[in-house]
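In: Model the following, please.
(one chain, ligands or ions: 1)
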Amino acid sequence: MGRQENLLKLKDGSLFDLVVIGGGATGCGTALDAATRGLKVALIEKNDFSEGTSSRSTKLVHGGVRYLEMAVKKLDKVQYKLVKDGLRERYILLKNAPHLSKRLPLVTPLYRWIDIPYIFAGLKLYDILSGKRNIGHSRLLKRKEALRRFPRLKAEGLKAGVLYYDGQFHDARMAVSLALTAEQHGAAIINHVAVSGFLKEEGRISGVQLTDSLNGETWNLRARGVINASGPFVDHVRWMDNPEAPKILSVSTGIHILLDKRFAPPDTGLMIPETEDGRVLFVLPWEGHALVGTTDEPANISEHPKPLESEIDYLVRHVTRYFNLQVERSDVKSVWSGLRPLVSDPKAADTAGLARDHIIEESESGLQTIAGGKWTTYRKMAQDSVDQAIKLFSLYAPKPDCQTENLPIVGGADYNEKNDLALIKKYAFDEDIASHLNQAYGDQAIKVSELAAEGYGARLLEKHPILEAEVVYAVRHEMAERIIDVLARRLSVALLDTESARIAVPRVSEIMANELGWSKERCKEEADLTEKRLTEAL
Ligand SMILES: Cc1cc2nc3c(=O)[nH]c(=O)nc-3n(C[C@H](O)[C@H](O)[C@H](O)COP(=O)(O)OP(=O)(O)OC[C@H]3O[C@@H](n4cnc5c(N)ncnc54)[C@H](O)[C@@H]3O)c2cc1C
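Out: Numbering: from 1, shown residues only. Okay, here's the model as predicted:
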């Protein structure tokens with residue numbers, strides 16, 4: 001189904017069980033959970049699916065090694081439970097979206113003898129806590145082996161390493177795929193439409209006002225219940241309901257920089273457990289590049305947070321510190337910033353109420369807000385949110401219990417990692433293209449391949465394994481409406497390499513104009529907007 005069909009469903013005047021505000025990890029997961037229980041649900045995203053924090057994460061599926069350290073040091077049960085839940089959800093995500101995620105070995109370099117037993121014991125405990133859902137056994141690496149696995153690591157002073165495992169995933173495609181899976185189960189999903197107000201009857205929320213961000217059209221949608229899953233914007237949405245509502249959110253930014261593949265081997269990541277100023281730093285292989293992050297600075301809330309030069313310098317300096325390779329500012333191919341939503345319970349009297357997990361809050365007029373948590377636990381958050389919504393809004397769910405634990409995400413059901421060989425055989429693709437198609441689209445890769453065979457088989461960019469067919473597929477099947485939707489979220493080229501994204505703009509514009517009937521003025525507007533994003537902030 002396309003955007004137009006979804007718009008029709010949202011305009012036919014019918015009453016929805018639930019409206020979910022926000023198409024990031026939390027909102028897409030919640031819409032999927034509700035739809036699979038048989039509820040009539042609408043998912044509303046004011047920009048593109050995952051255009052917020054959910055496309056700007058470190059892309060790790062993890063229990064949180066740092067939380068574990070805090071759990072042990074402070075004998076903190078809440079942190080302990082967070083790690084346990086995270087490890088359980090890590091396993092479920094890897095199982096249900098096998099094409100978009102994988103197990104990633106990570107090396108922790110150790111430069112002090114004293115750290116070796118401490119870090120090794122901690123990572124062994126991490127294995128133990130994952131129980132049956134363990135995805136690989138941690139082990140001590142001799143200095144030589146650590147250097148063999150991560151050849152660019154600074155050898156001077158290195159004593160040993162610890163190898164452990166976590167998951168890695170494609171966050172932006174995951175959110176889009178969750179939305180599409182929800183649509184397959186009957187949800188009406190829409191991007192570039194904002195919730196711009198609430199409808200109320202006798203003081204209770206009875207629906208939402210919607211505004212199409214592309215043409216300014218406004219209309220009303222009736223619903224039995226509304227869930228606010230708008231990430232860093234949860235307070236803004238709460239204030240639309242009640243301008244007096246106490247703030248529950250503060251944010252900090254985390255940036256990532258992208259370096260070329262010299263900085264990370266293709267199959268192993270690096271985790272610096274504690275930099276000199278106490279942060280965790282990752283250098284991870286991602287889509288043929290090295291992803292480095294992250295920082296943690298207080299920030300203002302904005303849709304496209306701008307990375308600061310001081311934050312970029314911080315990461316460049318730290319990579320240089322741990323690498324045998326000089327890194328310059330000019331090596332940075334792309335940089336982006338995400339907002340970390342830090343939530344506190346408004347009913348708690350002191351800072352003990354600071355939530356380390358997610359919170360679910362209800363307003364007097366019946367707005368349910370869900371905030372906090374992390375990508376890895378989106379499914380559990382969605383389950384808790386829908387369980388609560390069913391009670392709060394007295395909904396009738398044909399399947400009252402959560403259905404998503406064993407539910408493959410679109411592309412995942414018949415995925416096989418060897419399918420790239422079949423694609424090479426049938427379509428004569430280059431190896432890198434076949435492997436990329438298989439991993440990005442899973443069992444849907446065949447549909448992209450058919451478009452390639454119909455005349456869109458050229459590479460979009462010489463240096464990247466991307467086909468023109470993917471732009472057509474993004475428009476026809478994945479609701480991409482803008483050039484930047486394609487370049488930053490259906491494909492990841494804008495997040496990897498700003499210059500390559502710029503080169504792709506004219507051809508992407510041409511294909512989209514053809515598909516969507518754009519005028520010359522619209523093409524110009526799109527090219528300008530894309531340039532603004534690539535120059536200022538993604
Ligand atoms: C730097 C960084 C690194 C991270 N790394 C990891 C990691 O490696 N692993 C992990 O598990 N977690 C990680 N996280 C956490 C994870 O990314 C977030 O918890 C998660 O993405 C939050 O998703 P969300 O849906 O709540 O928010 P968002 O993704 O921000 O989604 C909210 C959406 O609501 C929309 N919206 C707002 N207002 C409206 C409105 N009025 N109408 C309609 N839509 C609206 C916004 O446009 C936005 O798309 C990281 C976070 C940061 C900041």
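In: Provide a list of residues in contact with the closest residue to the ligand within the stretch 251-400 of the chain.
Out: Residue of the stretch 251-400 of the chain nearest the ligand, by C-beta to the nearest ligand atom: residue 254 (2.5 Å). Using the backbone N, CA and C atoms, a C-beta is placed for each residue, glycine as well. Each residue near residue 254 by C-beta atoms under 8 Å, 6 or more residues apart in numbering is listed here: 56, 58, 293-296, 337-338, 340.
In: same deal with residue 453?
Out: Counted by C-beta under 8 Å, 6+ apart, residue 453 has contacts residue 427.
In: Strands of the stretch 151-300 of the chain, start to end?
Out: Secondary structure of the stretch 151-300 of the chain (DSSP state E, counting those that start in this stretch): strands at 160-169, 188-190, 193-201, 204-212, 218-228, 249-260, 269-272, 281-286, 289-293, 297-298.
In: just checking, what packs against the first one?
Out: The criterion is 3 or more C-beta pairs under 8 Å, 6 or more residues apart in numbering; DSSP states H and E, and the helices and strands that strand 160-169 contacts are strand 60-61, helix 77-96, strand 101-110, helix 115-130, strand 139-142, helix 143-149.
In: what packs against the helix or strand containing residue 521?
Out: Using DSSP states H and E, residue 521 maps to helix 520-535. Here helix 520-535 touches helix 483-485, helix 498-516, going by 3+ C-beta pairs under 8 Å, 6+ apart.
In: Could you single out the most deeply buried of the ones you listed?
Out: Each of those was scored by mean neighbour count; the highest is helix 483-485, a mean of 26, by mean count of other C-beta atoms under 10 Å.
In: does any part of it sit near the ligand?
Out: No. Helix 483-485 is not in contact with the ligand by C-beta under 6 Å from any ligand atom; minimum separation 12.0 Å.
In: returning to that earlier point: for the helices and strands packed on helix 520-535, give me CSV that also has distance to residue 223 and mean pLDDT.
Out: Shown next, in CSV, are these (distance: least, C-beta to C-beta, whole Å; pLDDT from 0 to 100):
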stretch, distance to residue 223, mean pLDDT
helix 483-485, 26, 98
helix 498-516, 29, 98
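In: quick one on the thing from earlier: return the most buried member of the helices and strands packed on strand 160-169.
Out: strand 60-61 (a mean of 28).
In: show me what contacts residue 319?
Out: Contact analysis of residue 319 by C-beta under 8 Å, 6+ apart lists 259, 263, 283, 292, 327.
In: Out of the contacts of residue 254, which comes closest to residue 513?
Out: The shortest gap between residue 513 and any of the contacts of residue 254 belongs to residue 56, at 28.2 Å (C-beta to C-beta).
In: What's the local residue count around that closest one?
Out: 27 (other C-beta atoms under 10 Å).
In: Would you confirm that it contacts residue 336?
Out: Yes. Using C-beta atoms under 8 Å, residue 56 is in contact with residue 336, at 5.3 Å.
In: For these two, list the residues in contact with both.
Out: With C-beta under 8 Å, 6+ apart, residue 56 and residue 336 have common neighbours 256, 538.
In: Wait, residue 406 touches residue 96, no?
Out: Yes. Between residue 406 and residue 96 there is a contact at 7.4 Å, judged by C-beta under 8 Å.
In: Show me which residues of this protein sit near the ligand.
Out: For the chain, the residues in contact with the ligand (C-beta under 6 Å from any ligand atom) are 21-27, 44-47, 51-54, 57-60, 62, 194-195, 229-233, 237, 254, 294, 338-340, 373-376.
In: one step back: in the contacts of residue 254, find the pair that's most separated.
Out: Going by C-beta to C-beta, the pair spanning the contacts of residue 254 furthest: 56 and 296, at 13.6 Å.
In: if we can go back for a sec, can I get the buried part of the contacts of residue 254 as one ChimeraX selection?
Out: Selecting only the buried entries of the contacts of residue 254 in ChimeraX, with 16 or more other C-beta atoms under 10 Å as the criterion:
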select :56,58,293,294,295,337,338,340
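In: just checking, what packs against the helix or strand of the chain with the lowest mean pLDDT?
Out: One helix or strand of the chain scores below all others by mean pLDDT, DSSP states H and E: helix 65-73, with a mean of 78. Applying 3+ C-beta pairs under 8 Å, 6+ apart, one finds that helix 65-73 contacts helix 77-96, helix 115-130.
In: Excluding residues flanking it in the chain, which one is nearest residue 208?
Out: residue 195 (4.7 Å; C-beta to C-beta, 6 or more residues apart in numbering).
In: Show me the contact partners of stretch 496-505.
Out: Under C-beta under 8 Å, 6+ apart, the answer for stretch 496-505 is 258, 286-289, 333-334, 460-461, 463-464, 466, 483, 487-488, 493-494, 527, 530-531, 534.
In: can I see the domain layout of this structure?
Out: 3-53+173-248+344-392, 55-78+98-169+251-338, 419-535 (automatic domain parsing).
In: bridging residues for the residue nearest to residue 208?
Out: Residue 195 forms beta bridges with residue 210, as assigned by DSSP bridges.
In: Provide the count of other residues in contact range of it.
Out: The tally of other residues near residue 195 (other C-beta under 10 Å) stands at 24.
In: what does residue 210 give?
Out: Neighbours around residue 210, by other C-beta under 10 Å: 24.
In: now do the one 10 residues further on
Out: Applying other C-beta under 10 Å, we find 13 other residues in the vicinity of residue 220.
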